[in-house]
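Chemist: Sequence and predicted model, in that order:
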Amino acid sequence: MIKKLAVYCGSRAGKNPDYEKIAEQIGTKMAQHQIDLVYGGGQYGMMGAVARGVLEHAGTVHGIITQQLVDRGVTFDAIADLRVVPDMDTRKKEMMKLADGMLALPGGLGTLEEISQAASWITLGDNAKPVAFYNLDGFYDPLRDQLMEMNRTGFLEERYLNSLCFSTDFGRILDFMNNYRAPLRRQYK
């Protein structure tokens, strides 16, 4: 069962005001399901919205932030469990270690890097935890299409393509995560 969910998302709000609203609603749903949030510790944009959604409904938030971002004033001070780490690589590893699953909401390059690492580590056998994409307004359709092209051209096995969930239904995402079985790691010959 998913008890702690790492959420990767933008530190900006994006141009569509629905993005922040959805992020806050996801946080609310997490608190209602007694799922702790594990995230990057920021107060701005989508990151701040999802954390507010959890906190405003008496949920638990675990923030993992780099010293550089603390120095830049990004920290969400309302978080009781805020861990400061030296760099982004450490932050990514700590988030994956602490969480039972990983979910990407809309975001930029940082979001893409973090969720891509979690997904790629499935092929190595280094991540046995579920990875999902909250596909608001088709935001992740181009990525899903690219993954399908990687499969079609022989660079991504079917089992890894099928090990990822793309949905806008939080209940479906939870069902996927709670019933997830990691595929066998890639073998090389």
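Modeler: Arrived safely, thanks for sending. Numbers count the residues shown, from 1 in each chain.
Chemist: only C-alpha atoms for contact and neighbour calcs from this point on.
Modeler: Fine.
Chemist: ok, now which ones touch residue 6?
Modeler: Contact partners of residue 6, counting by C-alpha atoms under 8 Å, 6 or more residues apart in numbering, are 37-39, 95-96, 99-103.
Chemist: sorry, that was for residue 67
Modeler: 84-87.
Chemist: if I look at residue 165, how far off is residue 176?
Modeler: Noted for residue 165: a distance of 7 Å to residue 176, by C-alpha to C-alpha, to the nearest Å.
Chemist: Would you state the helices of this protein in chain order?
Modeler: Using DSSP state H, the helices of the chain run over 17-32, 45-55, 67-71, 88-98, 109-124, 141-152, 158-161, 170-178.
Chemist: thinking again about what came up before, Serialize the contacts of residue 67 to TSV and add fields for pLDDT, neighbour count and distance to residue 155.
Modeler: Output for the contacts of residue 67, formatted as TSV (pLDDT from 0 to 100; neighbours: other C-alpha atoms under 10 Å; distance: C-alpha to C-alpha, whole Å):
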residue	pLDDT	neighbour count	distance to residue 155
84	97	19	37
85	97	17	34
86	97	12	34
87	95	13	31
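Chemist: Need those residues in a markdown table (columns: distance to residue 32).
Modeler: A markdown table is the format used below for these (distance: C-alpha to C-alpha, whole Å):
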| residue | distance to residue 32 |
| --- | --- |
| 84 | 27 |
| 85 | 29 |
| 86 | 33 |
| 87 | 32 |
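Chemist: just checking, which of those belong to strands?
Modeler: Judged by DSSP state E, the contacts of residue 67 include 84-85 as members of strands.
Chemist: Most widely separated two among the contacts of residue 67?
Modeler: Of all pairs drawn from those, the widest gap by C-alpha to C-alpha lies between 84 and 87 and measures 9.0 Å.
Chemist: Quick check: neighbours shared by these two?
Modeler: Common neighbours of residue 84 and residue 87 (C-alpha under 8 Å, 6+ apart) are 66-67.
Chemist: tell me the most buried of the helices of the chain?
Modeler: Using mean count of other C-alpha atoms under 10 Å, the stretch among these with the greatest mean number of neighbours is helix 45-55 (a mean of 25).
Chemist: so what secondary structure elements neighbour it?
Modeler: Applying 3 or more C-alpha pairs under 8 Å, 6 or more residues apart in numbering; DSSP states H and E, we find helix 45-55 packed against helix 17-32, strand 36-39, strand 61-66.
Chemist: Residue 137: which of the ones you listed is closest?
Modeler: helix 17-32 (9.5 Å).
Chemist: CA-only coordinates of the closest one in CSV, if you can.
Modeler: The C-alpha coordinates for helix 17-32 follow below in CSV (Å, rounded to 0.1, in the frame of the first residue of the first chain):
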residue,chain,number,x,y,z
PRO,A,17,-4.6,28.4,-13.5
ASP,A,18,-6.1,24.9,-13.3
TYR,A,19,-2.6,23.4,-12.8
GLU,A,20,-2.2,24.9,-9.3
LYS,A,21,-5.8,24.0,-8.4
ILE,A,22,-5.3,20.4,-9.4
ALA,A,23,-2.0,20.2,-7.5
GLU,A,24,-3.8,21.4,-4.4
GLN,A,25,-6.7,18.9,-5.0
ILE,A,26,-4.1,16.1,-5.3
GLY,A,27,-2.7,17.2,-2.0
THR,A,28,-6.1,17.1,-0.5
LYS,A,29,-6.8,13.6,-1.8
MET,A,30,-3.5,12.4,-0.5
ALA,A,31,-4.4,13.7,3.0
GLN,A,32,-7.9,12.1,2.8
